[in-house]
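Enquirer: have a look; sequence and predicted model below, questions after that.
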Amino acid sequence: MKLEFWGFLRENGEVGTRNFVGVMASVICSTTPVKEIAHEVPQAVALVHPFG
């Protein structure tokens with residue numbers, strides 16, 4: 001088994017990853033709170049969907 005790391009090369013030559021926080025809605029009624037939380041947290045991304 002070959003191990004791989006899918007990062008990106010930084011300007012200083014080190015390998016890094018993206019630093020994001022995903023806030024995920026499990027149902028449609030949690031969409032608004034998820035968006036509000038993601039708006040308040042630096043580097044956060046709201047992951048919402050239109051399904052129940």
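Expert: Right, received. Where do you want to start?

Enquirer: residue 25: neighbour count?
Expert: Neighbour count of residue 25, defined by other C-beta atoms under 10 Å: 19. Using the backbone N, CA and C atoms, a C-beta is placed for each residue, glycine as well.

Enquirer: so what's it up against?
Expert: With contact taken as C-beta atoms under 8 Å, 6 or more residues apart in numbering, residue 25 is in contact with 31, 34, 46, 47, 48, 49.

Enquirer: just want the most central residue of the protein.
Expert: In the chain, the centroid-proximal residue (C-alpha atoms, centre = their mean) is residue 22; its distance is 3.2 Å.

Enquirer: so it bridges to which residues?
Expert: As for beta bridges, residue 22 partners with residue 45 under DSSP bridges.

Enquirer: confirm for me that it is in contact with residue 44.
Expert: Yes: under the criterion of C-beta atoms under 8 Å, residue 22 makes contact with residue 44 at 7.5 Å.

Enquirer: any idea how far the closest residue to residue 47 other than its chain neighbours is from residue 5?
Expert: Leaving aside its chain neighbours, residue 47 sits nearest to residue 24 (4.3 Å; criterion: C-beta to C-beta, 6 or more residues apart in numbering). Using C-beta to C-beta, to the nearest Å, residue 24 is found at 24 Å from residue 5.

Enquirer: of those two, who's got more company?
Expert: The neighbour comparison of residue 24 against residue 5 (other C-beta under 10 Å) goes to residue 24, with 12 against 6.

Enquirer: now for residue 4: which residues touch it?
Expert: Residue 4 makes no contacts at all, as judged by C-beta under 8 Å, 6+ apart.

Enquirer: confidence score at it?
Expert: Reported pLDDT at residue 4 in the predicted model: 84.

Enquirer: which element is it on?
Expert: Counting by DSSP states H and E, there is no helix or strand that carries residue 4.

Enquirer: quick check: which of the contacts of residue 25 has the minimum pLDDT.
Expert: Within the contacts of residue 25, residue 49 has the lowest pLDDT, namely 89.

Enquirer: how many residues are close by that residue?
Expert: When counting by other C-beta under 10 Å, one arrives at 11 neighbours for residue 49.

Enquirer: which residue is the nearest non-sequential neighbour of it?
Expert: Closest residue to residue 49 in three dimensions, ignoring its sequence neighbours and counting by C-beta to C-beta, 6+ apart: residue 25, at 6.5 Å.
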